[in-house]
Structure formats: C-alpha cells, structure tokens
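**Q** fold the following.
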Amino acid sequence: MSWLVLVVAGLFETGWAVGLKYTEGFTRLWPSLATAAAMLVSLFLLGLALRQLPLGTAYAVWTGIGTVGTAILGMVLFGDSAAPARLLCIGLIAAGIVGLKLVGE
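**A** Residues are numbered from 1 along each chain as shown. You can find the predicted model right below:
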C-alpha cells in the first residue's frame, strides 16, 4: 500500500510542477491555488509513504516520477523537445525508478 501512496504522491508532484507553468509566476489565482493544493497533497502522501518505506528510496522514486511525468507533459502540453537523447535520458530515469522499487524494501 505504501508504494501505491508513493506513486500517487509522485503524480501529484507532476501536477504541481506542471501547474507552476500555468500560474504565470503566481499571478493567476485559480492555477496558483490548484498548484498549492497539489503541493500539499503530494507532500502529505510522501510523508505517509515514508512511514513504511526507506527515506532514500522513497524520495528518489517520488522525484523520479515527478521528473519523468513533468518531462513527458512538457513535451505534450508545451512543445518541449522530444529529441532521441532526451527520451533516452527519461527512459534511464524510469529504469532507475523501477530498479529502486525492485531492490528498495
């Protein structure tokens, strides 16, 4: 169950990272409030997951999910580069997340 909570926390991290783009420097009220809410949920869920999971593993997986998700959504939503080398690096991060899950408990 802790791993599921951690994955959801990582998805909320992706949400707040992407949300930052929509806040336009926190000048837009609703995107700013949604981003702040996603931040709080993400950190709360990370804290719950840390009750059972090792700190280093959980934090690395949480940030990895956020990094991969944000990079992918950046390409889809904002036209960020999808160069092969960039995709390879994103794949390596994803492989690291899976590796940490496999050896992490």
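**Q** relative to residue 84, how far out is the most centrally placed residue in the chain?
**A** Geometric centre of the chain, nearest residue: residue 66, 1.6 Å, by C-alpha atoms, centre = their mean. Per C-beta to C-beta, to the nearest Å, residue 66 is found 23 Å from residue 84. Quick note: C-beta positions are derived from backbone N, CA and C, even for glycine.
**Q** coming back round to it: now for the residue nearest to the centre of the chain: which residues touch it?
**A** Residue 66 makes contact with 10, 13-14, 17 under the criterion C-beta atoms under 8 Å, 6 or more residues apart in numbering.
**Q** what about burial for those, which qualify?
**A** Burial by neighbour count, judged by 16 or more other C-beta atoms under 10 Å, picks out 10, 13-14, 17 from those.
**Q** list the contacts of stretch 14-28.
**A** 31-32, 34-36, 38-39, 42, 65-66, 69-70, 73-74, 77-78.
**Q** what is the helix or strand hosting residue 32 packed up against?
**A** Under the criterion of DSSP states H and E, residue 32 resides in helix 29-49. When contacts are defined as 3 or more C-beta pairs under 8 Å, 6 or more residues apart in numbering; DSSP states H and E, helix 29-49 sits against helix 2-23, helix 55-78.
**Q** of all these, which one is nearest residue 91?
**A** Nearest to residue 91, of all the helices and strands packed on helix 29-49, is helix 55-78, at 8.8 Å by C-beta to C-beta.
**Q** so who does the closest residue to residue 51 other than its chain neighbours touch?
**A** Nearest residue to residue 51 in three dimensions, chain neighbours excluded: residue 2, at 7.1 Å (C-beta to C-beta, 6 or more residues apart in numbering). Contact analysis of residue 2 by C-beta under 8 Å, 6+ apart lists 48-49, 51-53.
**Q** and residue 87, how many neighbours?
**A** 14 (other C-beta atoms under 10 Å).
**Q** looking at the contacts of stretch 14-28, which two lie furthest apart in space?
**A** Maximum distance among the contacts of stretch 14-28 (C-beta to C-beta): 22.9 Å, for 32 and 65.
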